[in-house]
Every structure is written in C-alpha cells, then in structure tokens.
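Chemist: Turn this into a structure:
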Amino acid sequence: MAKVILEYNPKNATAQKTLQYVLSLGVFAQKERLNGLDEAILDVQHGRIHRAKNTKELFKNVVKSTAKA
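Modeler: Model (predicted):
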C-alpha cells in the first residue's frame, strides 16, 4: 500500500469539495494524524519505551540497538 500526503488550504472551498469527492469514491481511506502526545501515549502502551539507570547504560543500549539494525 502506498501513502499519498496532500497539503491544501482548508479555506479553499474548491480544494475541500475535491477532497470530499475523492474520498467519497471509496477507493482511498483517510487516516487521522496523531499529535506528539498521542504518539507518546501509544508508545508507552505498546512497550516501546526503554529506560536506563544512567547515561552509561543509555549509550550501551543505543550502541547495541544500532548494531542490530
């Protein structure tokens, strides 16, 4: 699946109507973008947060994770 990101002026009536028409065709789906706080909350809920006791442990984990990638 490919992503298409559209930027438009929400005050432009023609742009809004065109976008509504394209979405009404049912071929495309609109996905709401999350703000930073919502993304952070999801990271915590899914266990994607790593904690370190000190900076030495933090850098050890960073080096370990970059070596895997």
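Chemist: could you point out the longest helix in this structure?
Modeler: Longest helix of the chain, by residue count under DSSP state H: helix 55-68.
Chemist: Any stretches of this structure with poor pLDDT?
Modeler: 68-69 (pLDDT under 70).
Chemist: how about the helices of it, start to end?
Modeler: 13-24, 36-45, 55-68.
Chemist: Which residues outside the shortest one are in contact with it?
Modeler: Helix 36-45 has contacts (CB atoms under 8 Å, 6 or more residues apart in numbering) with Leu34, Ile49. C-beta coordinates here come from the backbone N, C-alpha and C atoms, glycine included.
Chemist: try it again with 10 Å
Modeler: Glu32, Arg33, Leu34, Arg48, Ile49 (CB atoms under 10 Å, 6 or more residues apart in numbering).
Chemist: Also the first one?
Modeler: Outside helix 13-24, the residues that touch it by CB under 10 Å, 6+ apart are Leu6, Glu7, Tyr8, Asn9, Pro10, Asn12, Phe28, Ala29, Gln30.
Chemist: now swap in the last one and tell me
Modeler: Helix 55-68 is touched from outside by His50, Arg51, Ala52, Asn54, with contacts defined as CB under 10 Å, 6+ apart.
Chemist: How about exporting it as PDB, limited to the C-alpha atoms?
Modeler: Provided in PDB are the C-alpha atoms of helix 55-68 (Å, rounded to 0.1, in the frame of the first residue of the first chain):
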ATOM      1  CA  THR A  55      23.900   7.700  30.800                       C
ATOM      2  CA  LYS A  56      26.400   4.900  30.600                       C
ATOM      3  CA  GLU A  57      23.600   2.300  30.300                       C
ATOM      4  CA  LEU A  58      21.800   4.500  27.900                       C
ATOM      5  CA  PHE A  59      24.700   4.700  25.500                       C
ATOM      6  CA  LYS A  60      25.300   1.000  25.900                       C
ATOM      7  CA  ASN A  61      21.700   0.300  24.800                       C
ATOM      8  CA  VAL A  62      21.900   2.800  21.900                       C
ATOM      9  CA  VAL A  63      25.100   1.100  20.600                       C
ATOM     10  CA  LYS A  64      23.600  -2.300  21.000                       C
ATOM     11  CA  SER A  65      20.400  -1.300  19.100                       C
ATOM     12  CA  THR A  66      22.200   0.400  16.300                       C
ATOM     13  CA  ALA A  67      24.400  -2.700  15.800                       C
ATOM     14  CA  LYS A  68      21.300  -4.800  15.200                       C
END
